[in-house]
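Enquirer: Predicted model and sequence below, questions to follow.
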Amino acid sequence: MKAGEIAELLNGALSGDKNLDIVNVGKIETASRNEITFISNPLYEKFFNTTSAGAILLSETFNIKSQRNDLTIIRVPDPYRAFLKLIDIFNKDEHTSEEGISNYCAIGTDVSLGEKTFIDDFVKIGDNSSIGEGTKIYSNCSIDKSVKVGKNCIIYPNVVIYKNCEIGDRVIIHSGTIIGCDGFGHAKNEDGSYLKIPQKGIVKIEDDVEIGSNTCIDRATIGETLISKGVKLDNQIQIAHNVEIGENTVIAAHTGIAGSTKIGKRCMIGGKVGIAGHLTLCDDVIIGAASNVSKSISQPGLYTGYRAKPHREDLKIEASLRKLSNK
């Protein structure tokens, strides 16, 4: 693709060689002459003078301190989003054309399979389940009985979905994830032993959710554990029984959310966060990485710390502790 064609595609303003051949996207540190890169984060502005890329996406306000005649520049309103668009264009997903049912899978009775589904080798689908049109299920997945999977989902190898769980449309589930296993519920007996609390609910995952590898979402004790529309979960996250996560919330790796906690819409949870059970986090809350949330949060904003608190308050406490340590 010519640089000029890319500029036209992105509605960008080009300066430089419009006939430059671009064959892929690349990281700004390592891109080659026939690749295009971008600068969005100010931390990467220092690479403008050293990148070997042939073309670069810049914001309309990016201040070029030293001109480069060997670099074609395309200015766009949002370089990051423009770059994401180019990633898709230059790296077509090879799975999109797959369809058909493997001779080496096991499909139960009264299973509904939509058109253009792809069921790979050694997949098991339980009785009374339904798989929506265009959904692809890869090797070694186990779909228990009475599971509903929507349209155009991608379920990567070694995913397990327990009985009765519901998966919406366009959901992506990465390898090793388990959906619908029992919640961690045990009642202590008088003799000190534990009685298992029955876990009879389900997990419901709404449309356009993406779940990373080796994440575990427990079924509700009764009712449902709910992952709302547009939620994005990273790898290795634990979501306990009866948790509810609001629309378009994102959660980074190694986070654990205890039972019955409710998280609002558009929240951003950093990596390695712990959230205690039976709490409520309102909409638009940001939790800094490695924080622990032990109380409900009713005001939007950034919260950090061992016991998460408003970020400015946390900084003041940290500064006070440093002063004490220097005395």
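Expert: Cool, got the structure.
Enquirer: Show residues contacting stretch 303-310.
Expert: With contacts defined as C-beta atoms under 8 Å, 6 or more residues apart in numbering, stretch 303-310 is touched by 285-288, 291-295, 297, 301-302, 311, 314, 317. Glycine gets a C-beta too; all of them are placed from N, C-alpha and C.
Enquirer: pLDDT of stretch 174-193, averaged?
Expert: Mean pLDDT, stretch 174-193: 95.
Enquirer: In terms of helices and strands, where is residue 61?
Expert: Counting by DSSP states H and E, residue 61 is held by no secondary-structure element, helix or strand.
Enquirer: which of the contacts of stretch 303-310 lies closest to residue 16?
Expert: The closest of the contacts of stretch 303-310 to residue 16 turns out to be residue 286 (C-beta to C-beta; 38.4 Å).
Enquirer: Return the residues in contact with that closest one.
Expert: Going by C-beta under 8 Å, 6+ apart, residue 286 touches 267-270, 301-303.
Enquirer: For it, pull up the helix or strand it's in.
Expert: strand 285-287.
Enquirer: For the next helix or strand after that strand, name the packing helices and strands.
Expert: Per DSSP H and E, the first helix or strand lying C-terminal to strand 285-287 is strand 292-293. Packing contacts for strand 292-293, counted by 3 or more C-beta pairs under 8 Å, 6 or more residues apart in numbering; DSSP states H and E, involve strand 274-275.
Enquirer: circling back to that earlier point, okay, and which of the contacts of residue 286 map to strands?
Expert: 268-269, 301-303 (DSSP state E).
Enquirer: Going by neighbour count, which of these comes out on top?
Expert: Neighbour counts for the ones in strands among the contacts of residue 286 peak at residue 269, which has 26 neighbours (criterion: other C-beta atoms under 10 Å).
Enquirer: Not counting its neighbours along the chain, what's nearest that residue?
Expert: Leaving aside its chain neighbours, residue 269 sits nearest to residue 251 (4.2 Å; criterion: C-beta to C-beta, 6 or more residues apart in numbering).
Enquirer: can you pull up the bridge partners for the one you found?
Expert: Beta bridges link residue 251 to residue 233, residue 269, judged by DSSP bridges.
Enquirer: Give me the neighbour count for residue 11.
Expert: 10.
Enquirer: I meant to write residue 120 there.
Expert: When neighbours are defined as other C-beta under 10 Å, residue 120 has 20 of them.
Enquirer: The stretch 1-150 of the chain: helices as residue ranges?
Expert: In the stretch 1-150 of the chain, the segments counted as helices under DSSP state H, counting those that start in this stretch are 3-9, 79-90.
Enquirer: just these: most buried one?
Expert: helix 3-9 (a mean of 18; mean count of other C-beta atoms under 10 Å).
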